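Engineer: Sequence plus the predicted model coming up.
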2 protein chains.
Amino acid sequence: MSSSKTVRKLQVVSPVPADIDIANSVEPLHISEIAQELNLSPNHYDLYGKYKAKVLLSVVDELEGSGDGYYVVVGGITPTPLGEGKSTTTVGICQALGAFLDKKVVTCIRQPSQGPTFGIKGGAAGGGYSQVIPMDEFNLHLTGDIHAITAANNLLAAAIDTRIFHESTQSDKALLNRLCPPNKEGKRSFSDIMFRRLKKLGISKTKPEDLTSQEVKKFARLDIDPDSITWRRVMDINDRFLRKITIGQGPEEKGMVRETAFDISVASEIMAVLALTISLADMRERLGNMVIGNSKSGEPITADDLGVGGALTVLMKDAINPTLMQTLEGTPVLVHAGPFANIAHGNSSIVADKIAVKLVGPGGFVVTEAGFGADIGTEKFMNIKCRYSGLTPQCAVIVATIRALKMHGGGPEVVAGKPLDRTYITENVGLVEAGCVNLARHVSNTKAYGVNVVVAVNMFATDSEAELNAVRNAALAAGAFDAVICTHHAHGGKGAVSNCYPLAFEVVKLGYAAESFIVDLGIAVQKACENVTQPLKFLYPLDISIKEKIEAIAKSYGASGVEYSDQAEKQIEMYSKQGFSTLPICMAKTQYSFSHIPSEKGAPSGFVLPIRDVRASIGAGFIFPLVGAMSTMPGLPTRPCFYDIDIDTTTGRVIGLS
Amino acid sequence: MSSSKTVRKLQVVSPVPADIDIANSVEPLHISEIAQELNLSPNHYDLYGKYKAKVLLSVVDELEGSGDGYYVVVGGITPTPLGEGKSTTTVGICQALGAFLDKKVVTCIRQPSQGPTFGIKGGAAGGGYSQVIPMDEFNLHLTGDIHAITAANNLLAAAIDTRIFHESTQSDKALLNRLCPPNKEGKRSFSDIMFRRLKKLGISKTKPEDLTSQEVKKFARLDIDPDSITWRRVMDINDRFLRKITIGQGPEEKGMVRETAFDISVASEIMAVLALTISLADMRERLGNMVIGNSKSGEPITADDLGVGGALTVLMKDAINPTLMQTLEGTPVLVHAGPFANIAHGNSSIVADKIAVKLVGPGGFVVTEAGFGADIGTEKFMNIKCRYSGLTPQCAVIVATIRALKMHGGGPEVVAGKPLDRTYITENVGLVEAGCVNLARHVSNTKAYGVNVVVAVNMFATDSEAELNAVRNAALAAGAFDAVICTHHAHGGKGAVSNCYPLAFEVVKLGYAAESFIVDLGIAVQKACENVTQPLKFLYPLDISIKEKIEAIAKSYGASGVEYSDQAEKQIEMYSKQGFSTLPICMAKTQYSFSHIPSEKGAPSGFVLPIRDVRASIGAGFIFPLVGAMSTMPGLPTRPCFYDIDIDTTTGRVIGLS
């Protein structure tokens, strides 16, 4: 059907086998073939094995003059803990557009965190017949970006504590002498990075010996207030015992103990920098500008003040290049930046999207994923990511499932690892209709950005026709451009393409028996992109106060107001005073409700949103309010996924990864 | 001079430029060219960018029947904190053998730790005209092996604390039910990894419901004694504030606080497993067998008891493949496993050496590096690594410098980052002669293994002819097969090849003016390999007691006896009782003296070696006594290397890495 050389015909089996079995049943193409289809030559990428390649950022410069393809973001309704198939749908749309509608297409998705892969959730390569392959390489290490983030994050953390320690034992003069050691000729000089701090301090002298004693103090003594430090160490492991720790208890650290914590690596500001940067030079500045806390006199202290911004960039220099992989049907995928739109920004990277829109060119499609529900994922996509990238989406997809809508309509709690209640596998149109208030709010919120909204109902075998029709009707009533039922999980790209009107014809044409609706998500997305009538509108302007911005977002959640803790008030005042109030807002909020209370399903309203604390990611470029109790370090259950994971030592194949 | 296609003629400049400038002055060959010279086809390796490739372990099986090349280990005398150029010499010998003597050669070196790269030491790619390139890729991330070790190590750590936590709140029955959850049909089963624990417990039942309540308790409750846990978290950062920490202080961890620590990643037992394993299947067993501590009744608890041995192997499955790189002169290098022979095993990997001896074949040379002084590096190479690999070295090189010998002769303290005392840059034959006691003991200790010892004097511009002759004489008197002065730092492979007798001829032939001796280390190594007369002899047999083995090693240091702390006595007794007494010994001892006291230079004797504690690396396969105060986590100085490191954002080149 497609003229593309790399497109692969899937032989689908019913019932759908385990994800890893499907992934292993397909021999991936050498990634150079995928690259060639995108007109990338070998000097445009670095191979990482046979099935992964890092696409070099220089591609953006080379293609600067060429036109952009369509830009589609995939969000979801408020999910159950099981996930509603957002990654699967993102992949499915692309398999439909690329492998069946013969469009140039690139899928942009986020690198999964290894924490959940070995914990509760398992991998994140999509599912069923809509997956990124090889799924073990996708889920493990990939090309080392998250490891680079962990290393850079923790180098900065070590630099902070060590600096405080050394300052505590040395005079200003001794500090300066150590910072500017004599060369072989006995001459002292500032290193390049020190001129950044000197400039910030308004000191234009170029030789250490010319500094007055007051200037020596200002330059050499960062005087970090330990209580103000917001920079934490990170690890890409679900290690709950690191949620609160005391460090510095060794005898050589002379009693300089301090309470701190580890976050999961994807919550690092450096991940946000990676997601939001646009070039190597820009990344260098952002990493250097990251604020780790304050001096005792209230001045923000940055990575460059600590002399480490350059080293952080060096650690991240390969991570800035997105990783090219492929779907089960041989369409290209760019994997970049990280998940967790609840406690982080949680979108795929600007760099990957920018490369992708140029590679597909006019008439082509880039489908990019925004984490969790549209209240957090798509909101951050629009107001943070698109604001920084300048890219304009034409279409936003909202993924819904009958299961999640029933939960929003009042169905019993859905718990990961426990069998689903009968409600979720038998017809109950009333519950679905009641739950559509959640979908409707996501649709109208998303439509307000000026994009066309397509609702994709990720169909399960137990869904009934009446239930599916109820969702379609509710979505259209809420203003969706279209609402389509899709079975890409069971059928791959075929499940997201071809129209059910007339159904019989399509079924014959596709050569397999449809157990259910086969509706055309691919065509709906294409039409939505071709029929945009409005410009992109942000939810809030940047030049209002931090509180006004928080309140604008809270209103979109349905909140009647916002309540700030004393700590939050203090931080907002400080960041405003420090000149950071013009940044966009990245809310840390549960993904399980529009509100801050995970159990409040549907479309809650009239609640007061509590802001427990406010942090700032100055390098990444946003203010980071913490809504209610949000953990930034997951834990492991009694029986983590790792019990099933092993290697077949004769074939080298990974077993049990899901 | 060489017929090899990949050999590159170096244009040397005097004085020798900065390491990074030399490294950047050479355009590396595409690594596939280096691979081709070794008769590796593209299905034998995975590319990681243009200049690195992972050589797949399957090569060992393919070449099983073919003959081995010569096997040379490079150790050193007791070093100064500046290092005596052991990596540089290792590279230099290979450049001499490969690029000038037209021998098939592979250099096997260890991946550097990123901690010291950003701390005091800088990179570890060799120096001057004897380097591995690209040196930034070598020093940063490489192909992710250490990151994989960090991830695996810390997944196991998280599994330990989480398991203790969950056991504390659940009944035996509840634990079993959680560990063996019902499938969709409601049936419970053991996962494959659980059968390992069942077998260890002598339980042959195959269904969870068949266990007696006593068996449920034995199986499901590991009952780990928190005070017995020897497994620590790791990080590849010099983070001194993690040397002693308290974890579990979050409210959700319900007061289950525990004191623990982070080590630097290369000290992880998983690094030792990587260095000592011989196959994927062997690595799976070793990782599963790692002992993390004891149950309250004194039974060793393993990674497989925690259900995580398979997942650890999956995380390490790519790390087991060594990384192919190149020297400045285009000879092949395999980089694998990690440094720190003081607090770890500190040798390059068995896997890399095994691949290398087959690739070079009979008449070819594999030169592998053993960390720090021969007292720890070469000793561990012989008694641990060769014992496990079955490979037999023919020649051991001992690298010496005039600088270090002067220190051993009574010269003033050498401190990193401070200018060298005049003693070290002016002639003082007496000090050199006095210091040769250190060299002599290393020579006789090493010769006792049955190999031919070649002393390589890594020459500096300030060394005098009389000083160099003194070393040569002392080395030969101590029983060295040969002793050669070499200038590979200043001249590349040319500095380690061609004979100074007649010097004039060689100088003309090589086409550059020799400022100093140019002596033939390459030929000396070749002759040493061709003239072995003895079989390999270990320092101790395995079937004596742990204490007897420790004492045999202590005697080689010059100690008159060994003193055990109560803790050490307790641990030795326990490990002996647990059946681990037949393992070889890996001493954690300072590299700065034969003894445990870093300031005791020369060849101290008559001291009593204090064993502070004894740990066991059961998966790696050794008992690990801690001699005196050995830190397993370095710190950062007031002005770490990172102040100089940055990126040129227009070219993408790394600046300031040394």
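Structural biologist: Everything's here; your move. Residues are numbered from 1 along each chain as shown, chains lettered A, B, ... in the order given.
Engineer: Please tell me I have it right and A:R233 contacts A:R258.
Structural biologist: No: checked against CB atoms under 8 Å, the pair A:R233 and A:R258 is beyond contact range at 11.7 Å. Where you see a C-beta, it was placed from the backbone N, CA and C, and this is true even at glycine.
Engineer: Between these two, which has more neighbouring residues?
Structural biologist: A:R233 (27 against 17; other CB atoms under 10 Å in any protein chain shown).
Engineer: Mind giving me the packing neighbours of the lengthiest helix in chain A?
Structural biologist: Determined from DSSP state H, the single longest helix within chain A is helix A:145-169. Taking 3 or more CB pairs under 8 Å, 6 or more residues apart in numbering or on different chains; DSSP states H and E as contact, the helices and strands that helix A:145-169 lies on are helix A:172-179, strand A:233-235, helix A:269-276, strand A:291-294, helix A:309-315, helix B:145-169.
Engineer: which parts of that helix are buried?
Structural biologist: Buried residues in helix A:145-169, defined by neighbour count with 16 or more other CB atoms under 10 Å in any protein chain shown: A:145-167.
Engineer: just to revisit the earlier point, the helices and strands packed on helix A:145-169: which one's closest to B:I611?
Structural biologist: helix B:145-169 (24.8 Å; CB to CB).
Engineer: Relative to the whole chain's centre, how far out is that closest one?
Structural biologist: Put simply, helix B:145-169 sits 24 Å off its chain's centre (CA atoms, centre = their mean, to the nearest Å).
Engineer: angle of it against helix B:172-179?
Structural biologist: Counting by axes from the mean of the first three to the mean of the last three CA atoms, to 10 degrees, helix B:145-169 lies at 140 degrees to helix B:172-179.
Engineer: Just want the angle from helix B:145-169 to helix B:309-316.
Structural biologist: Using the same axes, to 10 degrees: helix B:145-169 against helix B:309-316 is 160 degrees.
Engineer: what residues are up against the residue of the stretch 301-450 of chain A found nearest chain B?
Structural biologist: Going by CB to the nearest CB, chain B is nearest to A:G310 of the stretch 301-450 of chain A, at 2.9 Å. Counting by CB atoms under 8 Å, 6 or more residues apart in numbering or on different chains, A:G310 touches A:192-193, A:284, A:288, B:642, B:645-647, B:655-656.
Engineer: who does the strand or helix carrying A:A396 pair up with?
Structural biologist: Secondary structure from DSSP states H and E places A:A396 in strand A:395-400. Applying DSSP bridges, strand A:395-400 is found paired with strand A:70-76 (parallel), strand A:452-458 (parallel).
Engineer: Turn the ones you listed into JSON lines, columns for mean pLDDT and mean neighbour count.
Structural biologist: Shown next, in JSON lines, are the strands paired with strand A:395-400 (pLDDT from 0 to 100; neighbours: other CB atoms under 10 Å in any protein chain shown):
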{"stretch": "strand A:70-76", "mean pLDDT": "97", "mean neighbour count": "28"}
{"stretch": "strand A:452-458", "mean pLDDT": "95", "mean neighbour count": "28"}
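Engineer: Any regions of the stretch 401-550 of chain A where pLDDT drops low?
Structural biologist: Counting by pLDDT under 70, the stretch 401-550 of chain A shows low-confidence ranges at A:488-519.
Engineer: all strands for it, in order.
Structural biologist: A:452-458, A:482-486 (DSSP state E, counting those that start in this stretch).
Engineer: what about the last one, distance to the chain center?
Structural biologist: Spelled out, it's strand A:482-486. 25 Å.
Engineer: That one packs against which elements?
Structural biologist: strand A:452-458, helix A:465-477, helix A:521-530.
Engineer: about what we covered before: mean confidence score for the strand holding A:A396?
Structural biologist: In this model, strand A:395-400 carries a mean pLDDT of 97.
Engineer: Helix A:465-477 and that strand, what's the angle between them?
Structural biologist: Strand A:395-400 and helix A:465-477 meet at an angle of 150 degrees, taking the same axes, to 10 degrees as the criterion.
Engineer: could the contacts of A:G310 go into JSON lines alongside secondary structure, pLDDT and distance to A:K205?
Structural biologist: Output for the contacts of A:G310, formatted as JSON lines (DSSP: H, G, I helix; E, B strand; the rest coil; pLDDT from 0 to 100; distance: CB to CB, whole Å):
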{"residue": "A:D192", "secondary structure": "helix", "pLDDT": "95", "distance to A:K205": "15"}
{"residue": "A:I193", "secondary structure": "helix", "pLDDT": "96", "distance to A:K205": "16"}
{"residue": "A:R284", "secondary structure": "helix", "pLDDT": "98", "distance to A:K205": "24"}
{"residue": "A:G288", "secondary structure": "helix", "pLDDT": "98", "distance to A:K205": "21"}
{"residue": "B:F642", "secondary structure": "helix", "pLDDT": "92", "distance to A:K205": "23"}
{"residue": "B:I645", "secondary structure": "coil", "pLDDT": "91", "distance to A:K205": "24"}
{"residue": "B:D646", "secondary structure": "strand", "pLDDT": "92", "distance to A:K205": "21"}
{"residue": "B:I647", "secondary structure": "strand", "pLDDT": "93", "distance to A:K205": "26"}
{"residue": "B:I655", "secondary structure": "strand", "pLDDT": "88", "distance to A:K205": "23"}
{"residue": "B:G656", "secondary structure": "coil", "pLDDT": "85", "distance to A:K205": "22"}
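Engineer: Neighbour count for these - can I get that in JSON lines?
Structural biologist: Shown next, in JSON lines, are the contacts of A:G310 (neighbours: other CB atoms under 10 Å in any protein chain shown):
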{"residue": "A:D192", "neighbour count": "14"}
{"residue": "A:I193", "neighbour count": "23"}
{"residue": "A:R284", "neighbour count": "23"}
{"residue": "A:G288", "neighbour count": "22"}
{"residue": "B:F642", "neighbour count": "28"}
{"residue": "B:I645", "neighbour count": "30"}
{"residue": "B:D646", "neighbour count": "23"}
{"residue": "B:I647", "neighbour count": "24"}
{"residue": "B:I655", "neighbour count": "16"}
{"residue": "B:G656", "neighbour count": "20"}
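Engineer: A:V55: which of those residues is nearest?
Structural biologist: For the contacts of A:G310, the nearest to A:V55 is B:I647 (18.9 Å; CB to CB).
Engineer: now the residue lying closest to the closest one once chain neighbours are set aside: how far from A:E285?
Structural biologist: Excluding its sequence neighbours, the residue lying closest to B:I647 (CB to CB, 6 or more residues apart in numbering or on different chains) is A:T313, at 4.9 Å. Counting by CB to CB, to the nearest Å, the gap from A:T313 to A:E285 is 9 Å.
Engineer: Same check on A:V132?
Structural biologist: 32 Å.
Engineer: So these two - more neighbours on which side?
Structural biologist: Using other CB under 10 Å, the more surrounded residue of A:V132 and A:E285 is A:V132, with 28 against 17.
Engineer: And the residue nearest to that one when sequence neighbours are not counted, its phi and psi?
Structural biologist: Computed as CB to CB, 6+ apart, the closest residue to A:V132 that is not its neighbour in sequence is A:A125, at 4.5 Å. Dihedral pair for A:A125: phi -90, psi 20, per degrees, to the nearest 10.
Engineer: Count the residues that sit near A:A125.
Structural biologist: Around A:A125 there are 31 residues (other CB under 10 Å).
Engineer: That one contacts A:M135, correct?
Structural biologist: Yes: when contacts are counted by CB under 8 Å, A:A125 is listed as touching A:M135 (4.1 Å).
Engineer: Give me the common contacts of the two.
Structural biologist: By CB under 8 Å, 6+ apart, the residues touching both A:A125 and A:M135 are A:19, A:23.
Engineer: hmm, back to that, ok, the residue nearest to B:I647 - contacts?
Structural biologist: Contacts of A:T313 (CB under 8 Å, 6+ apart): A:280, A:283-284, A:287-288, B:646-647.
Engineer: Confirm that A:V357 sits in a strand.
Structural biologist: No: assignment of A:V357 by DSSP: H, G, I helix; E, B strand; the rest coil gives helix, placing it outside any strand.
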